[in-house]
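Asks: Dropping the sequence and predicted coords here.
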Amino acid sequence: MGRILILLILIAGGASAVPPPLSAQAAGCTEPASPPKPQELVVCRFAAAFNRHDLDSLLVLADTAISWLNVVGDSVQIQAHGHEGLRVGLASYFQARPASRSTLESVRAVGQWVSAWDRVLPDSAKGASAEVALTVYEVRDGKVRRVWYYPATRLVPR
């Protein structure tokens with residue numbers, strides 16, 4: 001873990017920009033690789049900031065040219081591009097869904113690519129059921145550069 005923290009400090013350009021050390025589980029991921037790869041931890045921290053609705057921390061972890069893309073059938077829709085686009089898009093999303101939370105499951109990295117199953121937790125006040133979607137992150141130089149979010153599947157309670 002010490003080597004990962006040092007790597008993150010070097011990537012971020014100093015200790016002030018590095019979030020405190022977190023295990024992958026504490027950061028909002030379940031079933032990470034053991035030991036987790038640095039790019040997996042970046043994605044887990046990104047998910048933890050999302051769950052806190054902490055836009056400033058999300059932007060620290062996002063490349064300035066981040067693209068958030070939704071895969072729909074055989075096309076890709078750009079949901080947000082750049083820091084300002086991500087801030088505006090997620091602020092609107094969080095305002096519309098104040099109870100929005102998710103966990104990342106089966107987080108795995110191969111090179112700069114990190115895949116995860118994003119389990120969106122239901123808003124119990126609205127009686128919604130949980131959903132799961134495949135998400136692929138591109139992590140370059142310790143920052144999330146692109147996010148591809150595939151269509152979610154509603155989970156039927158057993």
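Replies: On my side now, so go ahead. Residues are numbered from 1 along each chain as shown.
Asks: in the chain, what spans have low per-residue confidence?
Replies: Within the chain, the ranges that satisfy pLDDT under 70 run 1-28, 30-33, 122-128, 157-158.
Asks: Start and end of stretch 67-79, how far apart?
Replies: One end of stretch 67-79 sits 8 Å from the other (Cα to Cα, to the nearest Å).
Asks: What of stretch 133-153?
Replies: Using Cα to Cα, the two ends of stretch 133-153 sit 6 Å apart.
Asks: can you check stretch 100-120 too?
Replies: Taking Cα to Cα as the criterion, the two ends of stretch 100-120 lie 8 Å apart.
Asks: Could you tell me which residues within it count as buried?
Replies: Neighbour-count burial for stretch 100-120 flags 101-104, 107, 109, 114-120 (criterion: 16 or more other Cβ atoms under 10 Å). From N, CA and C alone the C-beta is placed, and that goes for glycine too.
Asks: Closest to residue 149 out of these?
Replies: Distance to residue 149 across the buried residues of stretch 100-120 (Cβ to Cβ) is lowest for residue 118, with 7.4 Å.
Asks: For that closest one, give the beta-bridge partners.
Replies: When bridges are called by DSSP bridges, residue 118 pairs up with residue 104, residue 133.
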